[in-house]
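Visitor: When you get a sec, could you give me coordinates for this:
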Amino acid sequence: MLSFTLRKLVTLAATMLGIAALTFLITNVAPGDPARLVAGPNATEDMVETIRVQHGLDKSLPEQFVVYMSDLLQGDLGISIVTTRPVLDELMRYAPATLELVLVAMGLGIVVGVPLGILSAVYRNSWLDHATRIFSISGVALPAFWFGILLQLLFAVELGLLPVSGRLPLVARPPEPITHFLLVDSLLRGQFSTFWMALSHIIMPAVVLSFPCLASILRVNRAEMIEVLQSDHVVAARAHGLSSRRIVALYALKNAMLPTLAMIGLRFGWMLGSTVLVETVFDWPGIGLYAVSSALASDFKPVIGVTLLIGFFFIIANTVVDLAYAWIDPRLRNSG
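Guide: Purely as a prediction, here's the structure:
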């Protein structure tokens, strides 16, 4: 386990450095002059040049890269040209909203997708199986922005059941932060009315974000359950008179969960990247909306910071999945 942990730490460090280098190169070859955009259309050349010098934009690209990587190794993500605030502080401000949304969406995808996959496999070729297959195809095919707007029109505009956008109403008083997750903090502070308001605001964006994830988990879990239910040890268990419920719970599900766990890890990283669309549609104050506004202003350091943060959480999620793999499959534990 120690060697496994050390390998993961080395992989994490190497991957983060690779992501930082690649993102830096991509953002800096993109068209646009950040200094001129910040200075405004009426700025003189001297004003633009002063902004370039202040933010190190007057140096060559290799020099900028060396300075940036040196600062990055010290935990300094730089200063945003637009807000003039440290990028790390901005990420700490916006990241909790995105993480809360992703975790709720991922929980919804697992809680709904895994049972539906099991039922679809157990009752193969039934009306339930056909319905879940249509549902899973729709989840993969529907564009997130279109689905989000459709839910807003139906549940917010027409029925008035849910709020259109935002994380809380403007007049609502958020709880004092403990975890910086509104749902958790409102419960810990005993502000139950705030909890229900936060829950009503997160339902639609979480459903939109979780729909493709739910569909993928359903499809993978169904396919693996069908294969496992046809295996020799399951046939032998049936021959010994074990009930179908016990066979599914004790023998089939555990083996079918390995590929499902891999899909969950992959979809977690996908969901972090997909928050850009969902947060834009629902005006959710997270890192996706922050990255879009920074990119439009050619403020590249926040874009690199958001990319590094998403990469970090993606690697952490896949490390957790690897540990879960080893816990479920004893062959991996014993392989050293």
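
Visitor: For I202, what is the enclosing helix or strand?
Guide: helix 192-229 (DSSP states H and E).

Visitor: What's the mean pLDDT across that helix?
Guide: Mean pLDDT, helix 192-229: 90.

Visitor: could you point out which element follows it?
Guide: Immediately after helix 192-229, counting by DSSP H and E, sits helix 232-239.

Visitor: Need the residues that contact that following helix.
Guide: Helix 232-239 has contacts (CB atoms under 8 Å, 6 or more residues apart in numbering) with 228, 244, 247, 251-252. Every residue, glycine included, has its C-beta placed from N, CA and C.

Visitor: Ok, stretch 6-25 next?
Guide: By CB under 8 Å, 6+ apart, stretch 6-25 touches 64-65, 68-69, 72, 300, 303-304, 307-308, 311-312, 315-316, 319, 322.

Visitor: what's the spacing between that stretch and its chain's center?
Guide: 19 Å (CA atoms, centre = their mean, to the nearest Å).

Visitor: try stretch 108-116
Guide: 17 Å.

Visitor: Quick check: buried residues in that stretch?
Guide: For stretch 108-116, a neighbour-count test (16 or more other CB atoms under 10 Å) marks 108-110, 112-114, 116 as buried.

Visitor: Now render those residues as JSON lines, adding secondary structure and pLDDT.
Guide: Output for these, formatted as JSON lines (DSSP: H, G, I helix; E, B strand; the rest coil; pLDDT from 0 to 100):
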{"residue": "L108", "secondary structure": "helix", "pLDDT": "92"}
{"residue": "G109", "secondary structure": "helix", "pLDDT": "90"}
{"residue": "I110", "secondary structure": "helix", "pLDDT": "91"}
{"residue": "V112", "secondary structure": "helix", "pLDDT": "91"}
{"residue": "G113", "secondary structure": "helix", "pLDDT": "89"}
{"residue": "V114", "secondary structure": "helix", "pLDDT": "89"}
{"residue": "L116", "secondary structure": "helix", "pLDDT": "90"}
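
Visitor: Of the residues you listed, which is the nearest to F268?
Guide: G109 (9.6 Å; CB to CB).

Visitor: ok, the closest one - contacts?
Guide: With CB under 8 Å, 6+ apart, G109 has these contacts: 210, 213-214, 217, 264, 267.

Visitor: what about it, distance to V321?
Guide: 14 Å (CB to CB, to the nearest Å).

Visitor: do M47 as well
Guide: From M47 to V321 the distance is 51 Å (CB to CB).

Visitor: just S193 next, same as before
Guide: 37 Å.

Visitor: Who has more neighbours out of these two?
Guide: V321 (17 against 10; other CB atoms under 10 Å).

Visitor: show me what contacts the nearest residue to that one once chain neighbours are set aside?
Guide: In space, and not counting its chain neighbours, V321 is closest to G265: 3.6 Å by CB to CB, 6 or more residues apart in numbering. Neighbour list for G265: 317-318, 320-321 [criterion: CB under 8 Å, 6+ apart].

Visitor: in the stretch 51-200 of the chain, which spans are helices?
Guide: 61-73, 87-122, 127-141, 144-151, 182-188, 192-229 (DSSP state H, counting those that start in this stretch).

Visitor: still on that earlier bit, would you turn the buried residues of stretch 108-116 into a markdown table with distance to T132?
Guide: Listed next are those as a markdown table, based on distance: CB to CB, whole Å:
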| residue | distance to T132 |
| --- | --- |
| L108 | 16 |
| G109 | 14 |
| I110 | 15 |
| V112 | 10 |
| G113 | 10 |
| V114 | 12 |
| L116 | 5 |
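
Visitor: Count the residues that sit near W146.
Guide: The burial count for W146: 11, using other CB under 10 Å.

Visitor: picking that back up, quick one: which of the contacts of G265 sit in strands?
Guide: Per DSSP state E, strands hold no members of the contacts of G265.

Visitor: Buried subset of these as a ChimeraX selection?
Guide: Buried residues within the contacts of G265, by 16+ other CB under 10 Å, are selected in ChimeraX with:
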select :317,318,321
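
Visitor: Show me the contacts of G265 that map onto helices.
Guide: Using DSSP state H, the members of the contacts of G265 that fall within helices are 317-318, 320-321.

Visitor: out of the residues you listed, which one sits closest to L289?
Guide: Nearest member of the ones in helices among the contacts of G265 to L289, counting by CB to CB, is A317, at 21.6 Å.

Visitor: which residues touch that closest one?
Guide: So A317 contacts 265, 268-269 (CB under 8 Å, 6+ apart).

Visitor: Show me which of the buried residues of stretch 108-116 is closest to N125.
Guide: Closest to N125, out of all of these and judged by CB to CB, is L116, at 15.5 Å.

Visitor: Okay then, goodbye and thanks.
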